[in-house]
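>>> Structure for this input, please:
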Amino acid sequence: MPFKSLEIIEPILQSLLEEGYSTPTPIQAQAIPIVLEGTDLLGCAQTGTGKTAAFAIPILQLLSISQSFDRRKKIRSLILTPTRELAIQIGESFKNYGRHTKLSYTVIFGGVNQFAQTQVLQRGVDILVATPGRLLDLMNQGFISLKDIEIFVLDEADCMLDMGFIHDVKKVLAALPKKRQSLFFSATMPPEIVKLADTILKNPRKVEITPGQPTVDIIEQFIYFVDKGNKSALLMDVLSDQNIKSALVFTRTKHGADKVVKDLLRHNIKAEAIHGNKAQNARQRALANFKDQTTRVLVATDIAARGIDVDEMEFVINYELPNISETYVHRIGRTGRAGAKGTAFSFCDAEEKAFLKDIEKLIRKKIPVIDNHPFPLIDHNPVKVPKQQHQRPQRTNFARPKTESSGDRHRLVRNPR
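Below you'll find the predicted structure:
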């Protein structure tokens, strides 16, 4: 089904053609007609499914059709998103899809001087993409009014909740006109998110994409069982493969990301970290360097990675498994986009086996194990010691699994799982 069948207007169709888009993704095919009807929408879709276009395209069309030519433009659509990287990415989408319309947009976020942002706002824009903190700040200063908003989008709602933005979101909602169209997107739908959606949406239609098969089939997934202390050495071993031109590496914490970068740099592997403690210009520079492959490895935390969209990125490495199963799906979804090849390697230590079990339950498949590596998991069943005992735990005397020599590498004979 081509985009034309969705009754998209010619200026936007032309832009989509120039961007190389011919056929809508499932969420675009289902969501665009609903939004064009003026109906509220509840969308649930994993990363990489094309949901930004699913709301950007119909918003551009609706605002174009009812476009006002007042000299002073009013903000007619607000897209609220949790991170600076996501805000910039969404802004680029509006720029690309709306280049042949007469609509204007801007992106505002914290971590940078506000002067350039307020200059654009004072000239007037039709579409505003914003992060919660900077939006409320500029509202309090009188630079932004939301009283003319016709279409409101809350994007990555579950991420908003994880980052503690729920109170900021409620403040923004209180400033919006009651008569509006609202679009709500979230990768997961825990009870708190469903409750929030109920306060925002009126008689919404729901679009849920591939709930039964959350991972992209084209992504090859592999597990390495490894002791926690050997993960750094294993990462260097994996990256010794020169076919891995670039890789996105995930850690659970900001400190962990910085530590991995230091280890990589010591081994002359160009790497940079991207996380919430980094200044905005540093994050944008790191992402730009990764996109043009000046930096071979980008190490990221889950929150910061929500805005990473790199074409033809083939390799994702989970240095640490996430403790939330759905997060694994979002991570590996950074590769294998738009039909491209994708490979996800995951390092699993003894304490992370429970996380792996939950992940495999979610994706409904066993992830193949790579056992021919030099750092097989030895302490695969550590002894549990009650917290009140302060002595060091006694290590169970497991015999080292038998190995067969293969040059400088080894093949694990017995699967330690």
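
>>> Name the helix or strand of this protein that has the lowest mean pLDDT.
Among the helices and strands of the chain, strand 403-406 carries the lowest confidence by mean pLDDT, DSSP states H and E, at a mean of 36.

>>> Would you mind listing the buried residues in stretch 99-118?
Within stretch 99-118, the residues scored as buried using 16 or more other CB atoms under 10 Å are 101, 103, 105-109, 111, 114, 117-118. Heads up, the C-betas are built off the backbone N, CA and C, glycines and all.

>>> Can you name the residues that contact residue 27?
43, 45, 49-51, 54, 207, 209 (CB atoms under 8 Å, 6 or more residues apart in numbering).

>>> And for residue 189?
44, 158.

>>> same check, this time on residue 32
Applying CB under 8 Å, 6+ apart, the residues near residue 32 are 6, 8, 24, 54, 57-58.

>>> do that again at 7 Å, thanks
6, 24, 54, 57-58 (CB atoms under 7 Å, 6 or more residues apart in numbering).

>>> Sort out which of these are buried, if you could.
The buried subset of those - by 16+ other CB under 10 Å - is 6, 24, 54, 57-58.

>>> need those residues in JSON lines with secondary structure, can you?
Formatted as JSON lines, those follow (DSSP: H, G, I helix; E, B strand; the rest coil):
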{"residue": "6", "secondary structure": "helix"}
{"residue": "24", "secondary structure": "coil"}
{"residue": "54", "secondary structure": "helix"}
{"residue": "57", "secondary structure": "helix"}
{"residue": "58", "secondary structure": "helix"}
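
>>> Can I get those in JSON lines including pLDDT?
What follows is the buried ones among the contacts of residue 32, written out as JSON lines (pLDDT from 0 to 100):
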{"residue": "6", "pLDDT": "92"}
{"residue": "24", "pLDDT": "90"}
{"residue": "54", "pLDDT": "95"}
{"residue": "57", "pLDDT": "97"}
{"residue": "58", "pLDDT": "97"}
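
>>> Kindly indicate which of those residues lies nearest residue 377.
Residue 377 has its nearest neighbour among the buried ones among the contacts of residue 32 in residue 54, at 41.9 Å by CB to CB.

>>> check contacts around that closest one.
Per CB under 7 Å, 6+ apart, neighbours of residue 54: 27-28, 31-32, 43.

>>> cool, and residue 264?
271, 297.

>>> at 10 Å instead, please
By CB atoms under 10 Å, 6 or more residues apart in numbering, the contact set of residue 264 is 232, 235-236, 239, 249, 270-273, 296-297, 299.

>>> Please identify the buried residues of the helix or strand hosting it?
Assigned by DSSP states H and E, residue 264 falls within helix 254-266. Neighbour counts over helix 254-266 (16+ other CB under 10 Å) mark 254, 256-261, 263-264 as buried.

>>> got it, and stretch 193-203?
193, 196-197, 200-201.

>>> Turn these into JSON lines, columns for distance to residue 318, secondary structure and pLDDT.
Converted to JSON lines, the buried residues of stretch 193-203 look like this (distance: CB to CB, whole Å; DSSP: H, G, I helix; E, B strand; the rest coil; pLDDT from 0 to 100):
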{"residue": "193", "distance to residue 318": "24", "secondary structure": "helix", "pLDDT": "86"}
{"residue": "196", "distance to residue 318": "29", "secondary structure": "helix", "pLDDT": "90"}
{"residue": "197", "distance to residue 318": "30", "secondary structure": "helix", "pLDDT": "93"}
{"residue": "200", "distance to residue 318": "33", "secondary structure": "helix", "pLDDT": "94"}
{"residue": "201", "distance to residue 318": "34", "secondary structure": "coil", "pLDDT": "95"}
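
>>> Residue ranges in the stretch 101-250 of the chain under the pLDDT threshold?
210-217 (pLDDT under 70).

>>> And the strands in it?
Along the stretch 101-250 of the chain, counting by DSSP state E, counting those that start in this stretch, strands occupy 105-108, 127-130, 151-154, 181-186, 205-208, 219-225, 247-250.

>>> can I get those strands in CSV with distance to residue 82?
Listed next are those as CSV, based on distance: least, CB to CB, whole Å:
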stretch, distance to residue 82
strand 105-108, 14
strand 127-130, 11
strand 151-154, 10
strand 181-186, 11
strand 205-208, 21
strand 219-225, 25
strand 247-250, 17
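
>>> wait, which of those is closest to residue 281?
Comparing the strands of the stretch 101-250 of the chain by CB to CB, strand 105-108 comes nearest, at 14.9 Å.

>>> strands paired with that closest one, and their directions?
Sheet partners assigned to strand 105-108 using DSSP bridges are listed as strand 127-130 (parallel).

>>> Export only the CA atoms of the partner strand, formatted as CSV.
Only the C-alpha atoms of strand 127-130 are listed here, as CSV (Å, rounded to 0.1, in the frame of the first residue of the first chain):
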residue,chain,number,x,y,z
ILE,A,127,4.8,23.5,15.6
LEU,A,128,6.8,23.2,18.8
VAL,A,129,8.9,20.2,19.8
ALA,A,130,10.0,20.5,23.4
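
>>> Report the distance from that strand to the chain centre.
Chain-centre distance of strand 127-130: 19 Å, with CA atoms, centre = their mean, to the nearest Å.

>>> Kindly report the same for stretch 20-32.
With CA atoms, centre = their mean, you get 19 Å for stretch 20-32.

>>> buried sites along that stretch?
21, 24-25, 27-32.

>>> Report the two of the residues you listed separated the most.
The largest separation in these, counting by CB to CB, is between 21 and 30 at 16.2 Å.

>>> domain parsing for this structure?
Here the domain parsing of the chain from automatic domain parsing is 3-208, 219-412.
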